[in-house]
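*Asks:* need a structure here:
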Amino acid sequence: MTQRTRLLDPAVGGAMSALSKVAKKGLGDPALAELVVIRASQLNHCAFCLDMHLAIARRYGVSEKQLDLLASWEEAEEVFDERERAALALTEAVTILTGGTSQASGSGGGFVPDEVYENAAKHFDEARLAHLIGLIVAINNWNRVMVGRRIPPGGYTP
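*Replies:* Presented below is the predicted three-dimensional model:
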């Protein structure tokens, strides 16, 4: 193990794990939670998290078609329902805060566009919306930790 892979303090990892668990539980839809974390991990190029969450998604019954088309969910309208699409749009908007436009919003980066947030709020009550945002924040944190540490895929076992 290199110094780079030892950078995560156990207390930090425990706090991040707790946030992830609370957010997933509060969202109340494990399959949707996996779609969200996979999409954020795609955007953040986190191979470790993709490997792990693709395996978990399959255990929760997410279809291979959804997994295959997740990177292009906006064009695959028949594969993702409105609720899933709202969650994925919010995932992209929260994940891509700077450096251009979010495909989901078509507007400038640096903030979550009102229309994306309001559409998500139509599909999730206040508590579930808060947990969805918490989940997006949690996976973005994990992606950055794992990419920053250069953790390769393949280390996850269910």
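*Asks:* just the helices in this structure please.
*Replies:* Remark: helices assigned in the chain by DSSP state H are 10-27, 30-43, 47-59, 64-69, 82-95, 114-123, 126-149.
*Asks:* could you list the low-pLDDT ranges of the protein?
*Replies:* Within the chain, the segments meeting pLDDT under 70 span 1-7, 98-110, 158.
*Asks:* most centrally placed residue in it?
*Replies:* V37 (2.5 Å; C-alpha atoms, centre = their mean).
*Asks:* isn't it right next to H53, touching?
*Replies:* Yes. Between V37 and H53 there is a contact under C-beta atoms under 8 Å: 4.9 Å. Every residue, glycine included, has its C-beta placed from N, CA and C.
*Asks:* for stretch 70-81, buried residues please.
*Replies:* L70, W73, V79, F80 (16 or more other C-beta atoms under 10 Å).
*Asks:* quick one on the thing from earlier: which among the helices of the chain is found nearest to Y156?
*Replies:* helix 47-59 (3.8 Å; C-beta to C-beta).
*Asks:* tilt between that closest one and helix 126-149?
*Replies:* With axes from the mean of the first three to the mean of the last three C-alpha atoms, to 10 degrees applied, the angle from helix 47-59 to helix 126-149 works out at 140 degrees.
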